[in-house]
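Q: what follows is a predicted protein model with its sequence.
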Amino acid sequence: MEGSDISASSPSSSSSPQSAVVLSPCAACKILRRRCVEKCVLAPYFPPHDPLKFSTAHRVFGASNIIKFLQEVPEGQREDAVSSMVYEANARLREPVYGCAGAIWQLQKQVNELHQQLAKAQAQLLNMQSQNANLMAIICMDMSPQNYHQHNLATYIIGSTSDDDHLGFSPEQPLWT
């Protein structure tokens, strides 16, 4: 009866649809071709609908190591332990030499490059803001009421060209005496 479904029925009427419960062996027991017992350590973490999860971990760590590891870990931390094992197994299959460390190193390298790009962009932004502030200060100085009034008066008196000698006056001489 290895690899087959285990049926359990309630002691009451077996004709009721809710009384007959069909239990499927966990993915680990299916792959290992063994009978899935009621207190199977692997069943809560390797459900029958996700056999790839156990298959990946099994290829890297082996079934006996997975079982030993889960028995040593407190029950409240087993879900996280299985997730970590499966993640490490996937990383080891992709990168046999470095595994997770290689993935972490690549991500840290990307983070450092992005930090450098961000620092460069922030420096450019500060430079542009500084240039903008300097330009605004120059514009505000030229447009202050006193400078604006003097500029308009000088333009009116002197004219906009340097050929003002033909008018017969110079800016040093007053127009009205």
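A: Structure's in. What do you need?
Q: the longest helix along the chain packs against which elements?
A: As assigned by DSSP state H, the longest helix anywhere in the chain is helix 100-142. Here helix 100-142 touches helix 78-94, helix 145-158, going by 3 or more CB pairs under 8 Å, 6 or more residues apart in numbering; DSSP states H and E. C-betas here are computed from N, CA, C, even on glycine.
Q: between the ones you listed, which gets the lowest average pLDDT?
A: Mean pLDDT values for those show the minimum at helix 145-158, a mean of 58.
Q: ok, residues contacting stretch 92-108?
A: Residues outside stretch 92-108 that contact it (CB atoms under 8 Å, 6 or more residues apart in numbering) are 56, 59-60, 87-88, 91.
Q: just the buried subset of those residues, written out for PyMOL, thanks.
A: Command for PyMOL, covering only those of these found buried under the criterion 16 or more other CB atoms under 10 Å:
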select buried, resi 56+60+88+91
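Q: how about the contacts of stretch 92-108, which pair is most distant?
A: Greatest spacing in these, by CB to CB: Arg59 and Tyr87 (13.9 Å).
Q: any low-confidence regions in this protein?
A: 1-23, 144-177 (pLDDT under 70).
Q: let me see the domain layout of it.
A: 6-94, 104-157 (automatic domain parsing).
Q: just say which of those domains is most tucked in.
A: Among those, ranked by average contacts under mean count of other CB atoms under 10 Å, first place goes to domain 6-94 (a mean of 15).
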